[in-house]
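1. quick one, fold the following:
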Amino acid sequence: MRSALDFTPYRRSWIGFDHLFDLLENSQGGADGFPPFDLEQDGENTYRIRLAVAGFKREDIDITASSNVLVIAGRRAQEPERTLLHRGIANSNFERQFQLADYMVVTGARLSDGLLEVDLERRVPDEIKPRKIEIASAPGRIESPERRRTRGQGVATSGKVQKEPELSEAS
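-> Now for the predicted structure:
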């Protein structure tokens, strides 16, 4: 199933996101829509997926996260044969897949009153977070803010801190 959205204008200016646009354009979601789910944002970096899984027990549900994909599957044991006049409660096995962004981690899951809640958190490493790059005002060596802070306190060499030589003015 192809998406009705055209991402061509974004592909030109969003470099390196081709895989994301491919996923959006080719996503099928849950083909049958079962089980229904809600996706909510709790905080800046925390999210929750809530699935309606009435009739499933903890041991019937399997949650697996790997390679940026969260798979939630429900498998029930075969029920004894009964004569039902009307079946309104879904009794089928299911599998839902959610594509997770980079650095998303499943932090917990709980089943209560027929609702399965899966908590997610985005944990971006410090070295990947944005940082300010200062532009040098004069030609020459570019100095990091850490170096500038330590310049007045001494220079670390082989585990010892040595005071930088001070320039004296000629009288």
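2. for the protein, what spans make up the helices?
-> 8-13, 18-26, 145-151 (DSSP state H).
3. quick check: mean pLDDT of the second one?
-> What it means is helix 18-26. What helix 18-26 shows for mean pLDDT is 69.
4. same check on stretch 76-95?
-> pLDDT averaged over stretch 76-95 gives 83.
5. and the gap between the most centrally placed residue in the chain and His86?
-> Residue closest to the average C-alpha location in the chain (C-alpha atoms, centre = their mean): Met104, at 2.5 Å. With distances taken as C-beta to C-beta, to the nearest Å, Met104 is found 41 Å from His86. Heads up, the C-betas are built off the backbone N, CA and C, glycines and all.
6. again, but for Arg50
-> As for Arg50, its distance to His86 is 27 Å (criterion: C-beta to C-beta).
7. okay, strands next: where are they in the chain?
-> Using DSSP state E, the strands of the chain run over residues 37-41, 46-52, 61-66, 69-74, 94-99, 104-112, 115-122, 155-157, 160-162.
8. quick one, which of those strands gets closest to Ile135.
-> Among the strands of the chain, strand 155-157 comes nearest to Ile135, with 24.4 Å by C-beta to C-beta.
9. returning to that earlier point: identify the residues contacting the residue nearest to the centre of the chain.
-> Tyr47, Asn68, Leu120, Glu121, Arg122 (C-beta atoms under 8 Å, 6 or more residues apart in numbering).
10. enumerate every residue touching the fourth one.
-> Read it as Glu121. Neighbours of Glu121 in contact, by C-beta under 8 Å, 6+ apart: Asn45, Thr46, Tyr47, Met104, Val105, Thr107.
11. tell me the bridge partners for the closest residue in space to the third one that isn't next to it in sequence.
-> Once flanking residues are discounted, Tyr47 sits nearest to Leu120: 4.4 Å by C-beta to C-beta, 6 or more residues apart in numbering. Legend: beta-bridge partners of Leu120 under DSSP bridges are Tyr47, Val106.
12. and Leu120, how far is that from Ala101?
-> Relative to Ala101, and taking C-beta to C-beta, Leu120 is found at 9 Å.
13. cool, and Ala138?
-> Distance from Ala138 to Ala101, by C-beta to C-beta: 41 Å.
14. what's the answer for Pro125, then?
-> Taken as C-beta to C-beta, the span from Pro125 to Ala101 is 14 Å.
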